[in-house]
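Asker: fold the stuff below for me.
(one chain, ligands or ions: 2)
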Amino acid sequence: MAPAVTRRANALRVEAPDGNAESGRASLAADSPAAKRAIDAKDDVWVAAAEGDASGASAGNGDRPPLFRTMKVKGSILHPYRFMILVRLVAVVAFFAWRLKHKNHDGMWLWATSMVADVWFGFSWLLNQLPKLNPIKRVPDLAALADQCGSSGDANLPGIDIFVTTVDPVDEPILYTVNTILSILATDYPVDKYACYLSDDGGTLVHYEAMIEVANFAVMWVPFCRKHCVEPRSPENYFGMKTQPYVGSMAGEFMREHRRVRREYDEFKVRIDSLSTTIRQRSDAYNSSNKGDGVRATWMADGTQWPGTWIEQVENHRRGQHAGIVQVILSHPSCKPQLGSPASTDNPLDFSNVDTRLPMLVYMSREKRPGYNHQKKAGAMNVMLRVSALLSNAPFVVNFDCDHYINNTQALRAPMCFMLDPRDGQNTAFVQFPQRFDDVDPTDRYANHNRVFFDGTMLSLNGLQGPSYLGTGTMFRRVTLYGMEPPRYRAENIKLVGKTYEFGSSTSFINSMPDGAIQERSITPVLVDEALSNDLATLMTCAYEDGTSWGRDVGWVYNIATEDVVTGFRMHRQGWRSMYCSMEPAAFRGTAPINLTERLYQVLRPPYPPSRCSSPTATLSWPAAVSTLCSVSRTSTCRPTRSSRCSSWPTTSSPSCGSSPSSSTSRGRSARTSCTSSAS
Ligand SMILES: O=c1ccn([C@@H]2O[C@H](COP(=O)(O)OP(=O)(O)O[C@H]3O[C@H](CO)[C@@H](O)[C@H](O)[C@H]3O)[C@@H](O)[C@H]2O)c(=O)[nH]1
Ligand SMILES: [Mn+2]
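Answerer: Ligands and ions are numbered 1, 2, ... in the order given. This next block holds a predicted model:
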C-alpha cells in the first residue's frame, strides 16, 4: 500500500490556486478595500442590488447590520438575456402550434410519441429558464461579522460540529483523509467552538491510528499555521504549492520553522504510509505469542483487540459486521488560550506567543450487522448526527467528504454571515458552497468543474428559495436535520413528549435536542463515563432506527442514490431557505475523478461498487450526468487510474504510535471510549 499512497500523494499536489496565490490571499481578508476592489474589478457582471433585497427582514432585529451583500447581474447583460428567453419561448410556442396544425395522419402514433417528447423537452427547458430570469449572488461580509461579535471578539460565534465521512483507506486514500482532518484542526475558527468527527464506515484500525498520528502532528502543524498565517492548511497542498508567498509578520523565523515543519510532515507521511505494515507486524507478534487464544486478531498499540474490522476477517470483526466504536482522540479544549513554549536547543519552533490548543477530534465507526441496509453515506451521517448530539451538540453542522479539504481558513466564518444575518438568517436551513477541484486537466474533459451548474444554475436558484444541497461543503442548522419546520425551530417550541416513535428510544438524545437548537449556545465539555458510553453505543446500533422517522422525515434521506439533493428538497418543502456562498479563494477544494471509469461511476451511480456487481443498474445522478456524457463523448484518451475501486481490502499492519497525543499536548487527557454495541 505504501507506494500506492505515495503515488496518490503526488496526484494530490496542486498549483497555487488560480495562479496568483498572493492576490487570492489578499482577497481572503475580504474586508480590505483593496481586496474588494480586486473582486469588483474581476466581477464586471455583478452590481449591488438594492438594500432589503433579502426578503423577510424581521422586526426587532432592525438595529443589527446585515452580514452579507446582495449582488445581481448587470442590467446590460440580464435584459438581453431575458429578451432572448422570451424570443425562444415564442419560437417554442409557435413550433407547438405548427405541430398541432400539421398532424401526420399516416403515422398518428409516431406523431403522438414525438409530440409527448417535445412537450417534455419544452417543459423542462422552461423550468430551467425560470430561475435564470434573476440570478443572485450573496457576498458574506466577514468584517461586519467581526463587528457584530463586538469587543468579546470571537466569543459570540456559535458552535459547529464538522462531519467527515470515509470508508476505505485505499479507495479513498488515507493521505487525503488525514490532510482533510489537519485542515479542519488548523482552520481559523475559535478552537473551543467546534469539534471534528470522522466516520469510518470500514471500521479499520488504520484509520483510527492515523487519527492518533494526526493529533500528534497537529501539535506542531496547527500553531505553525496560526503563527505564520499559512494558507491552505492542508499540509500536502500547502507544501505542494509552487510558490508559498509569506503573509505573516515574522518572516525572519518563518524559513527556519518552515524547514522544520516540512521535515516533520515528511516523517508523518512515512508513518501514515507504513501504518498498515506496522499494524500487521504488531498483530502477528501478538497472535504468535498466543495472546489471542488461537484467534488471529488485530491488535491496538495498547495490547487490546480492535473492536472493528480485523485484517483476517472473522465473525463480528469483518466489514459489514462489527461493533460500534467511538473514540474521543482530542477532548474539548479549555476556553482560555494556552501559549506554547519558546524555542530551545532541541526545539527550534517558538510558540511562546501562539495559542496551542487543538479542537475536539472524535473517531467513530457505527455498528454494522448482516441483514441491515446500512444506507451508505446517509446512514453514516445520521449516526454522526446522533453521536455528536451527546458529545458536543453544536447548533450548526458542517459536512464534507474525506477527499475535500478546507482551502480558505475563513470557510467556517463565511456561512455564519448567512446564518446569523438579521434579515433571513433564522429561516436559513443550510449554506451551500460550490465544489471546486484540484487535478482537473486543462481541457476539463470530464466536466469536473461543472461551471454551468456551480456558477450558473446554483446562482439562479439562489435568487429563488436557494440552491440544492450538494452533499459536501455545506453548513446546516442542526434542528433542520431533525425535521423541524422554520416557524417552530426555537428551543422553547420543540415538543419532545411522545417523540420516541420519530427519533428512537434514546432519552439522552431526545433531551439534547432543545440545546441543539440554541445558536447562542457554545460547546461544553462532557465526561465520557460509563453511562454516556452506553448511550453512545445505543445510538450507533443498526436497530436504533427501526420503526422511527430516521431516513424519511428526520436526518439524511434513505433509499436514493443522491441522498443529498433529496434531503435539501425536503427542507425546502418545509419552508426553509438555503444560501449559496461562493468565495475566493475557494472555501473547500476536492479531488476530482481523473479518468472516464471513475467519472462515469460517480455520475451514473450503480447501487453497488463495480467489484461486487456484474451488471449494475445505473441510477442517474443529476446534473453532472448530462454534462459529463456530453463532455466524455469528446474524449479519446484516459490518464492512468488514480484509485482502484476493485482493490482488495487493505492489508493492515501495525503502527508505531504507542504514545497517545495527550502525552505531547499540554492540555491533557485523551478520553478513549470504546462503545461496543450489541446486535439487535
Ligand atoms: O457506505 C458509505 C459510502 C460512502 N460514504 C462516504 O460518502 C462520501 C461520498 O461518497 P462517494 O462514493 O465518494 O460519492 P461522490 O460521488 O464522490 O460524492 C458526491 O455525491 C454524493 C451523492 O450525491 C454526495 O453525498 C457527496 O457528498 C458528493 O460529493 C464519501 O466521503 C464516502 O466516504 C460513507 O461514509 N459510507
Ligand atoms: Mn467522492
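Asker: from now on I want contacts and neighbour counts done on CA atoms only, so please keep to that.
Answerer: Will do.
Asker: can you pull the residues of this structure lying near ligand 1?
Answerer: The interface of the chain toward ligand 1, taken as Cα under 6 Å from any ligand atom, is made up of 165-167, 201, 376-377, 380, 401-402, 471-472, 562-564, 602.
Asker: among these, who's most crowded?
Answerer: Per-residue neighbour counts (other Cα atoms under 10 Å) across those peak at C402, which has 27 neighbours.
Asker: now S199: phi and psi?
Answerer: As for S199, its main-chain torsions (degrees, to the nearest 10) stand at phi -100, psi 120.
Asker: number of residues surrounding V93?
Answerer: 12.
Asker: typo on my end, it should be L100
Answerer: Using other Cα under 10 Å, the number of residues around L100 comes to 13.
Asker: show me what the strand or helix carrying it is packed against.
Answerer: Counting by DSSP states H and E, the element that carries L100 is helix 75-101. Applying 3 or more Cα pairs under 8 Å, 6 or more residues apart in numbering; DSSP states H and E, one finds that helix 75-101 contacts helix 108-129.
Asker: distance check, S289 against T309.
Answerer: Counting by Cα to Cα, to the nearest Å, the separation of S289 from T309 is 21 Å.
Asker: swap in L67?
Answerer: On the measure of Cα to Cα, L67 and T309 end up 47 Å apart.
Asker: quick one, which of these two is more surrounded?
Answerer: Taking neighbours as other Cα under 10 Å, L67 and T309 compare with L67 leading, 27 against 23.
Asker: look at the more buried one and report its pLDDT.
Answerer: L67 carries a pLDDT score of 94 in this model.
Asker: what does the one 3 residues further on give?
Answerer: According to the prediction, T70 has pLDDT 94.
Asker: burial measure for it, as a count.
Answerer: With neighbours defined by other Cα under 10 Å, the count for T70 comes to 18.
Asker: let's verify it: helix, strand, or coil?
Answerer: strand (DSSP: H, G, I helix; E, B strand; the rest coil).
Asker: in a strand, L361, correct?
Answerer: Yes - in this structure, L361 lies within a strand as judged by three-state DSSP.
Asker: would you agree it is in contact with V328?
Answerer: Yes - using Cα atoms under 8 Å, L361 is in contact with V328, at 6.2 Å.
Asker: the more surrounded of these two?
Answerer: The residue with more neighbours, out of L361 and V328 and counting by other Cα under 10 Å, is L361; that gives 25 against 20.
Asker: could you find the closest non-adjacent residue to the residue in the stretch 51-200 of the chain positioned nearest to ligand 1?
Answerer: As assessed by Cα to the nearest ligand atom, ligand 1 sits closest to T166 within the stretch 51-200 of the chain, at 3.2 Å. Of all residues not flanking T166 in the chain, D200 sits nearest, at 5.1 Å (Cα to Cα, 6 or more residues apart in numbering).
Asker: tell me if I'm right that that neighbour and E172 touch.
Answerer: No - taking Cα under 8 Å as the definition, D200 is not a contact partner of E172, at 11.1 Å.
Asker: give the residues shared as contacts by those two.
Answerer: By the contact definition Cα atoms under 8 Å, 6 or more residues apart in numbering, D200 and E172 are jointly contacted by T166.
Asker: the more surrounded of those two?
Answerer: Neighbours were tallied for D200 and for E172 using other Cα under 10 Å; the higher tally belongs to D200 (23 against 18).
Asker: what does the more buried one show for phi and psi?
Answerer: D200 has phi and psi values of phi -110, psi 100 when expressed as degrees, to the nearest 10.
Asker: coming back round to it: in helices, which of the residues of the chain next to ligand 1 fall?
Answerer: When the residues of the chain next to ligand 1 are checked against helices (DSSP state H), the matches are K376, K377, A380, E563, D564, Q602.
Asker: those residues: which two are farthest apart?
Answerer: Maximum pairwise distance among these (Cα to Cα): 18.8 Å, between A380 and Q602.
Asker: quick one: low-confidence parts of this structure?
Answerer: For the chain, applying pLDDT under 70 flags the ranges 1-43, 51-62, 150-153, 291-292, 487-498, 602-680.
Asker: how does it divide into domains?
Answerer: Taking the TED database as the domain assignment, the ranges for the chain are 73-134, 143-594.
Asker: now do the same end-to-end measure for the last one.
Answerer: Translated: domain 143-594. End-to-end distance for domain 143-594: 38 Å, by Cα to Cα.
Asker: try stretch 424-433
Answerer: Its start and end residues considered, stretch 424-433 measures 18 Å (Cα to Cα).
Asker: go ahead and name everything in contact with it.
Answerer: By Cα under 8 Å, 6+ apart, the list of residues contacting stretch 424-433 from outside reads 54-58, 415, 418-420, 467-470, 473-477, 480, 486, 571, 576-582, 587-588.
Asker: buried members of those residues into ChimeraX, please.
Answerer: What follows is the ChimeraX syntax for the buried subset of the contacts of stretch 424-433, where burial is set by 16 or more other Cα atoms under 10 Å:
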select :54,57,415,418,419,420,467,468,469,470,473,474,475,476,477,480,486,571,576,577,578,579,580,581,582,587,588
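Asker: M255 should be in a strand, yeah?
Answerer: No - when the secondary structure is assigned by three-state DSSP, M255 falls in helix instead of a strand.
Asker: could you check how many residues crowd around it?
Answerer: Using other Cα under 10 Å as the criterion, M255 is surrounded by 12 other residues.
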